[in-house]
Each structure stands twice: as structure tokens, then as C-alpha cells.
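Enquirer: Give me coordinates for this.
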Amino acid sequence: MDHGDMDHGDMDMSPGGIPLAEGGEDRDGLEMDVLNVRLGPVLAHWPGGLVLRCALQGDVITEAEAVLLDNALHVEVPHGGAPSVVTARRADNLVDLLALSGWDDAAAQARLIRDQLLEDGEEAAVSVAVARLVRRVRRSRVLRWSLRGIRPLTEADLRRRGLPASLVGDTYDRLLWMLDSVETAVDGTSVAVHHLPELIAGLDLATARLVVASLDLHELRSDRIQREASHG
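Expert: Numbers count the residues shown, from 1 in each chain. Down below sits the predicted model:
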């Protein structure tokens, strides 16, 4: 069959449920296809309850809207001698970032640390495991090369957006900060969802997911973004 003579202009159904692209103007004024993609709320290595509705031109995010489902990232902090939820959450965030970077073995190490924290494991054993992971990550030139330069944020950027000072630097810097603080009870990052679209604009989907993971999110705040009903 000669596919060159097939007219697809009248097709109004999307194959396999994938939405068809629509026309849109790119930065040069030329028309490009625009594809609407929804990330979340249920996605591996993704903040629970977060939905990002993205408009793509090619593989680049040109627009995004962030929506937070009810009770997203809500953590019940235990009392008494329970393990630190903040530290375990940070280890879990490390799992996400390392896995999205393509380093499954290091992600498995971080997952083991998280499990030890949740099981109230021996402090000495956890410290040894963390030190081993820190050395391994810092020695990886491939990982450093992969994450360097991705969405750098200066101190001025953070002040202007009202973001935590711990997010300064690029995605690799934020990974190192997460590693260095995994043994401490430093408060987790709280970010208003209306900041997320501007942080991922101009990135492809895979890179955008790395940036979201590097934010070390422990809490998402809706602020001026209206929440969706969790059953909707």
C-alpha cells in the first residue's frame, strides 16, 4: 500500500486512546503540532496526587498547569520513638531521582536505607549504608555529567519565587544536598504548586521529571491553585 496517498485530515479518533496533536505556533512563528499530555496523579517516581497538564510542541513543554488533589503528600508524623518520617521521605525522594536518572542499582540502595529508617533500624547500620551511597554517587562522573546544568536556580531565583534555599544550584547540586541531609531531621521542602509550571517550561518530559524529583518535595501547597476533588 502506498501510504503517501492516504489522507489523514479527516481522522477525528485517536488510536489507542492517545490524543491527536493540534496546530500551534512555535517561537519562530511557524505552525507546529501541539500535544496535550497529563502527568500524574498516579505515576512511578512522581509526587502522589500531583497532576501536571502539559502542552508539548515536539518534545518540549511550552505550557503547563499544576493541580493538586486533596490531601496530596500529606504525611502523618508519628509521635514517640517512631522513625523520622522526614528522613525516610528524603530517602524515598532519592530513590525517585536516582531511578529517573537511570541508575537502578543506586536507587535500590536508597530504597534499602528508606526501609531501614521505617523499620527503626540500628543507627550505625543506617549511617554506614548512607555513607556508602554518598561515596558511590559522588564518584559517578556519568551521573554528574547527566544532571549538571539542568534547571539551575540562583539564590535570587529562589527569593523571587519564595522557594527554599536548599534548592539552590542545578539538579546535581540538589541531589548532593539530599544525600548530605538524609541522616538529619532537616525539614522537607514545601513548594506551592503554582511554581511548578515555570520550573519545567522549556524542558522535555524526561528532564522535567528529573527536575520535579530534585525538588525533594515533602509537602505541596495549593496556594492560589484550586484543588480538584480527590474523587474527580
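Enquirer: Can you read off the pLDDT for the nearest residue to Arg221 once chain neighbours are set aside?
Expert: What sits nearest to Arg221 in space, not counting adjacent residues and going by CB to CB, 6 or more residues apart in numbering, is Ala192, at 4.6 Å. Yep, even glycine has a C-beta here, placed from its N, CA and C like the rest. pLDDT for Ala192: 84.
Enquirer: for Asn93, same thing?
Expert: Looking at Asn93, its pLDDT reads 92.
Enquirer: roughly how far apart are it and Thr87?
Expert: Separation of Asn93 from Thr87 (CB to CB, to the nearest Å) stands at 11 Å.
Enquirer: These two - which one has more neighbours?
Expert: Set Asn93 next to Thr87 and count neighbours by other CB atoms under 10 Å: Asn93 wins out with 26 against 22.
Enquirer: pretty sure the residue nearest to Arg221 is touching Glu198, no?
Expert: No - if you go by CB atoms under 8 Å, Ala192 and Glu198 don't touch, sitting 11.2 Å apart.
Enquirer: These two: who's more crowded?
Expert: Neighbour tally, Ala192 and Glu198, criterion other CB under 10 Å: the higher count belongs to Ala192, 18 against 11.
Enquirer: Quick check on that one: phi, psi?
Expert: Main-chain dihedrals, Ala192, degrees, to the nearest 10: phi -80, psi 140.
Enquirer: go on, Gly40?
Expert: phi 90, psi -180.
Enquirer: repeat for the one 10 residues further on
Expert: Note on Leu50: its backbone torsions stand at phi -90, psi 130 [degrees, to the nearest 10].
Enquirer: tally of neighbours for it?
Expert: A count of nearby residues for Leu50, using other CB under 10 Å, gives 21.
Enquirer: Tell me where the model's unsure across the protein.
Expert: Residues of the chain that meet the criterion pLDDT under 70 lie in 1-32, 70-84, 121, 183-188, 222-232.
Enquirer: Distance of the residue nearest to Arg221 relative to Trp46?
Expert: 18 Å.
Enquirer: residues near Pro164, how many?
Expert: 14.
Enquirer: got the contact list for it?
Expert: 158, 189-191 (CB atoms under 8 Å, 6 or more residues apart in numbering).
Enquirer: Ok, Arg38 next?
Expert: Shown in contact with Arg38 (CB under 8 Å, 6+ apart): 51-54.
Enquirer: try Ile150
Expert: Shown in contact with Ile150 (CB under 8 Å, 6+ apart): 170-172, 207, 210-211, 214.
Enquirer: And the strands in the chain?
Expert: Ranges of strands in the chain, per DSSP state E, are 22-25, 31-39, 50-57, 60-68, 189-192, 217-221.
Enquirer: what would these look like in JSON lines with distance to Gln116?
Expert: As requested, the strands of the chain are exported to JSON lines (distance: least, CB to CB, whole Å):
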{"stretch": "strand 22-25", "distance to Gln116": "49"}
{"stretch": "strand 31-39", "distance to Gln116": "31"}
{"stretch": "strand 50-57", "distance to Gln116": "27"}
{"stretch": "strand 60-68", "distance to Gln116": "30"}
{"stretch": "strand 189-192", "distance to Gln116": "22"}
{"stretch": "strand 217-221", "distance to Gln116": "19"}
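Enquirer: Now do the helices in this protein.
Expert: Counting by DSSP state H, the chain has helices at residues 85-100, 104-118, 123-139, 141-147, 155-161, 171-180, 196-200, 205-214.
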